[in-house]
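[1] Just need the structure, nothing else, for what follows:
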Amino acid sequence: MVKSKHKKRYRRTKKSRSSTDKHVEGTITVAPGGFGFVKPKVGDEDIFIPPKYVGNLMNGDVVEVKLKSDRGQREPGKGPVGRVVKVISRGRDTLVGEIVSGHKIRPLNKRMGEEIHVSGSLNGAKRGDWVQVKMLHTDQIHDADQSCTIDKKLGKSGTIQTDLLAVMHEYDLPFPYTAEQDAEAAELKPVEIPREDHTRLFTVTLDPVDAKDFDDAISFTRGKKKGEIEIGVHIADVASWIRPGSFWDQEARKRSFTAYLPGKTLPMLPRTLTRMISLTTDGESLAHTVFITVDQKSGRVIKSRRCYSRIMVDKRLNYGEVQDYIDGAMPEDWDENFAKKIDVLVDLTRNMRAFRKAEEHFLELAVPEIRVMCNEETDEIIGLVKKIQRESEQLVEECMLAANTAVAEEMIEKQIPGVYRVHPEPDEEKLEEYCALVMTTIGRRPADLSTRPGCNAFLASLEDDEKKPILTNAFLRALARAYYVEKPLIHFGLGKMKYSHFTSPIRRYSDTLVHQQLIAKEVNENLKGNADIAQICVEISEKEKNNDEAYYSANDRIKLRYLDQELEQGADNHHEGVIARINSKGIQVEVVDIGIFGFIPADSLDRSFSFNKQDNCFEAKSKNLKYIAGDVIYLQLEQIDFTQGTALFSPA
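    A predicted model of the protein is given here:
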């Protein structure tokens, strides 16, 4: 089964409830496997809902649960089990699906059930069309049948444009600004504020080669003391243009982020406005700057200060050319003097990273991501690209981390209500589940994963083979999700207690809000209070999660189109995979060269194989063969089910 790489993991604690008649209210999340978990409004124990009790419940429904004391319903030591007895409110009234036959649709989102009956007219839609439907909810909770009516036809499935359109509707992503809104935004003027002139500093931007928005630039100069370097982290001064409570502020808050889909970008701010705000080589730019003084030899941050500035970008750089230079190839349009300046930045940020590693023990997770590249205008899939962080990206990251930390520290010191990025410590039960997977896969348990040094030591000990990506990705999924709050808490992955988001205000509303709070303090305007910011933090955290789910849904679906396209063009139908999970129904495999999960049904295995429940494997005793988690397996594609978003394989 093709699944999102960020599949939600559900927390179930060892504490149990003994009462057989206790009722709890909460929100249900339905897993693709048909079972569910209810997150109570009060308390943090998720309640497991067995598949037979899920019925027609859908993701996001607010329900009343009667807790059960029957331990036979669950594994010993796991969390509470319950049965939904009442639906308090439905989480959603509409969803997107594909008409599969007659009056049936199959939802795009696998958490929304298998098939739903269409009541009434199809409104001109036919089999293979994406449609948006309105649900006809009933009070019969445990009746698995659901029905709906066609709200609108979105188009024929199977093209990039309509598949992306379906994803946008399903995840309620904002559509791009209109031409009229773009023109209106072009009339905006920035607020007047005293600015320092830093137009003479050597300043560069460093971004992906196809970047369209430029919200950060980096400069450096020698510090006042010997052995010190002063880095300037210059950020587009979005808050000077986007005033709190304005129409554009409301639109940015509603979107919360620039949303990215394969071949499609849905910006948080109008394009005309971002072009005016961006830090480019066209002339002077308005910036919100953090100057960071660093000990050149040790990489230790000594001090920082913040100001509003005017800057001039000397050169636009991209990650590829800077990485080529780091690897020993001088770009043709560089001279020796320019190269020496880049040398200073490279050496300094290396030292900063080494110092941070020694002091904060940040998690070192080099997780490659395979993205599908496509051209929406021509409706063509270009190919796949493997993304992994390079040193040129780390150069920028070090500067941005230092600026984000400095701003967080200032907000705390001056008691300015702000937005903080937090990442909780790992849950013990999730770590235990991960350790069991490691034991099954490589035959040994990690020594200690409760601390960052322990995590890093284990990850560094993994052999660089086919099993490493499986275990690294599984470790990432075992970690909690980062989110936003109105007070500083731990960021486990970075090893920081004071961390905010300041450096990407063009594409993240969290950063825009921080900028707005700082400028309000500067000009003696009213600040948003902690209660208002807390509400915004909840909103943007949910929007971020939703955008991520939309991206992975679109990415995985179009990867299946790519796989199908390759076969039509005569490509070799053999792939290398690593077994990720096994159950009696079959084998889930990660297809290495595509970056998707596929499925080998049990009935596609040789008849000599049978499922061994005790060892959780398929084995052929007569041949002394086994399929176990972590095994490398060679695959042949048998079928792609686009409506279910599933690729089925057999062993090659």
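[2] and stretch 336-347, which residues are buried?
    For stretch 336-347, a neighbour-count test (16 or more other CB atoms under 10 Å) marks 338, 341-342, 345-346 as buried. C-beta: built from backbone N, CA, C; applies to glycine.
[3] Next step: those restricted to strands.
    In this view, the buried residues of stretch 336-347 have no member that belongs to strands under DSSP state E.
[4] Spatially, which two of those are the most separated?
    Phe338 and Val346 (12.8 Å; CB to CB).
[5] okay if I get the buried residues of stretch 336-347 as CSV plus distance to Ile640 and pLDDT?
    CSV is the format used below for the buried residues of stretch 336-347 (distance: CB to CB, whole Å; pLDDT from 0 to 100):
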residue, distance to Ile640, pLDDT
Phe338, 50, 96
Lys341, 51, 95
Ile342, 46, 96
Leu345, 47, 97
Val346, 45, 97
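[6] could I get the residues you listed as a markdown table with distance to Gly120?
    What follows is those, written out as a markdown table (distance: CB to CB, whole Å):
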| residue | distance to Gly120 |
| --- | --- |
| Phe338 | 68 |
| Lys341 | 68 |
| Ile342 | 65 |
| Leu345 | 64 |
| Val346 | 65 |
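[7] Mind checking which of those are in helices?
    Judged by DSSP state H, the buried residues of stretch 336-347 include 338, 341-342, 345-346 as members of helices.
[8] Pick the one among those closest to Asp172.
    Using CB to CB, these come closest to Asp172 at Leu345, 41.3 Å.
[9] Tell me the spacing between the closest one and Ile229.
    9 Å (CB to CB, to the nearest Å).
[10] overlap in contacts of these two?
    By CB atoms under 8 Å, 6 or more residues apart in numbering, Leu345 and Ile229 have these common neighbours: Phe220.
[11] right, and the helix or strand after the helix or strand containing Val167?
    For Val167, the enclosing helix or strand under DSSP states H and E is helix 160-170. Along the chain past helix 160-170, the next helix or strand (assigned with DSSP H and E) turns out to be helix 179-185.
[12] Check which residues of that following helix are buried.
    So helix 179-185, judged by 16+ other CB under 10 Å, has buried residues 181, 184-185.
[13] mean confidence score for it?
    The predicted model assigns helix 179-185 a mean pLDDT of 96.
[14] In terms of secondary structure, what does it contact?
    If you count contacts as 3 or more CB pairs under 8 Å, 6 or more residues apart in numbering; DSSP states H and E, helix 179-185 packs onto helix 271-277.
[15] can you give me the offset of the helix it packs on from its chain's centre?
    Helix 271-277 sits 25 Å away from the centroid of its parent chain (CA atoms, centre = their mean, to the nearest Å).
[16] Tabulate the CA atom coordinates of it in PDB.
    This file holds the C-alpha atoms of helix 271-277, laid out as PDB (Å, rounded to 0.1, in the frame of the first residue of the first chain):
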ATOM      1  CA  ARG A 271       3.400  37.100  -6.400                       C
ATOM      2  CA  THR A 272       3.600  40.800  -7.100                       C
ATOM      3  CA  LEU A 273       4.000  41.600  -3.400                       C
ATOM      4  CA  THR A 274       6.700  38.900  -2.900                       C
ATOM      5  CA  ARG A 275       8.600  40.300  -5.800                       C
ATOM      6  CA  MET A 276       8.600  43.700  -4.200                       C
ATOM      7  CA  ILE A 277       9.600  42.400  -0.800                       C
END
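[17] So which of the ones in helices among the buried residues of stretch 336-347 is the closest to Ser240?
    Nearest to Ser240 among these is Leu345, at 27.3 Å by CB to CB.
[18] just checking, that closest one touches Leu395?
    Yes - applying CB atoms under 8 Å, one finds Leu345 in contact with Leu395, separated by 6.2 Å.
[19] quick one on the thing from earlier: buried stuff in the helix holding Val167?
    160, 162-170.
[20] cool, stretch 602-611 as well?
    Neighbour counts using 16+ other CB under 10 Å place 604-605, 609, 611 of stretch 602-611 among the buried residues.
[21] for stretch 85-93, same thing?
    87, 91.
[22] in which helix or strand would I find the residue nearest to the spatial centre of the chain?
    The centroid of the chain falls nearest to Asp548 when counting by CA atoms, centre = their mean (4.2 Å). Using DSSP H and E, Asp548 falls within helix 530-568.
[23] so how far is stretch 590-606 off the chain centroid?
    Using CA atoms, centre = their mean, the distance from the centre of stretch 590-606 to the centre of the chain it belongs to is 24 Å.
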